[in-house]
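Asks: Structure, please.
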Amino acid sequence: VLSEDALEKYEEAGRIASKVRERMRGIVKEGMRIIKICEEAEETIRRMGGKPAFPCNVSINEVAAHYTSPPGDEGTIPKGSIVKIDIGVHVDGYIADTAVTVCFNPEYEDMVQTSQVALETAVRVIRPGIFTSELGSKVQSVIESRGFKPISNLTGHQIGRYLIHAGKSLPNVSHISFRKIHEGEVYAIEPFVTTAKGEGRVIEGDEFYIFRFLKRRNLRLKDSKKLLRFIERNFRTLPFAERWLKDYGSTEMYRPAFMDLLKSKCLMAYPVFVEPSGEWVAQSEHTVYIDKDGAVVLT
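Replies: The predicted model follows:
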């Protein structure tokens, strides 16, 4: 079971994350620059006393996850699109992770609503002792009963200190697993939903905009060593965006060292995830703490 201090920090991270999520839900508009959304979300987190646990994700239409603006991004929110805004906040390494889909297309309102209903179902059902497989079955049947498909290879996940993906996964589909949920654990529950025509899975796109410190290695270049120290000190084991290196120096200055760190596998890159048939994807997400009676929603 979590200490009182840890739980208070999770609650504080959750309070900030939910306020930022609702603020972003209200200000995202068609035609808005994506980089403005990312920076506004991250800045609001800092202003409220938290730190971003990962870059704000703004994933549009068939892009399911992991899009954040690179430096100088000119992209804007397309007319008639659906926009997933995924926000992470940490307070002293205790993380809250939450997401909302903003819908500018009446045709997709049912699908967006379905991801929300699936999330509410999972929150109601999750409790100590339940198998992750039973939880996945319940989420899948809710989504399918409404005429949509769950994404099978994007899952909810256990959260640890300075670790967004810690230990157990929570698939949104029926699967074989003897892993159980225990009291005192913290989870991000996030059903991803696509249309009945969709493939019900995602593939890795060929773009990478989110990175994470992986390990120290013997590096030849002095600039690479210096940049790696900066990344480890500032972001620890949490994902970061290249935009966040602006405090380090200009793009021209750090870019060769940055590429060297990726090549030498000191850093890992997260690919953008895309629905392979081009069908659109919706997402809803809460972070929950498991107490003896079930889920306490932190976000």
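Asks: mind checking how far residue 201 is from residue 231?
Replies: Counting by C-beta to C-beta, to the nearest Å, the separation of residue 201 from residue 231 is 32 Å. Every residue, glycine included, has its C-beta placed from N, CA and C.
Asks: How about residue 174?
Replies: For residue 174, the distance to residue 231 - C-beta to C-beta - is 40 Å.
Asks: which one of these two has more residues nearby?
Replies: residue 231 (21 against 17; other C-beta atoms under 10 Å).
Asks: report the longest helix in the protein, please.
Replies: Scanning the chain for the longest helix, with DSSP state H as the assignment, gives helix 4-27.
Asks: Quick check: buried residues in stretch 102-113?
Replies: By neighbour count with 16 or more other C-beta atoms under 10 Å, stretch 102-113 contains the buried residues 102-103, 105, 108, 110-113.
Asks: how far out from the middle of the chain is that stretch?
Replies: Stretch 102-113 has its average C-alpha position 20 Å from the chain's average C-alpha position, going by C-alpha atoms, centre = their mean, to the nearest Å.
Asks: Show the average pLDDT along that stretch.
Replies: Along stretch 102-113, the predicted local confidence has a mean pLDDT of 98.
Asks: now do stretch 291-298
Replies: For stretch 291-298, the per-residue pLDDT values average out at 97.
Asks: helix or strand for the residue nearest in space to the middle of the chain, which one?
Replies: The residue at the geometric middle of the chain, judged as the C-alpha nearest the mean C-alpha position with C-alpha atoms, centre = their mean, is residue 86 (5.0 Å). When elements are defined using DSSP states H and E, residue 86 is found to belong to strand 82-91.
Asks: Walk me through which strands that strand pairs with, and which way each runs.
Replies: Partner strands for strand 82-91, per DSSP bridges, with pairing direction: strand 51-60 (antiparallel), strand 94-103 (antiparallel).
Asks: Look up which residues are beta-bridged to the closest residue to residue 28 other than its chain neighbours.
Replies: The shortest distance from residue 28 to any residue other than its chain neighbours is 5.0 Å, reached at residue 102 (C-beta to C-beta, 6 or more residues apart in numbering). Per DSSP bridges, the residues bridged to residue 102 are residue 83.
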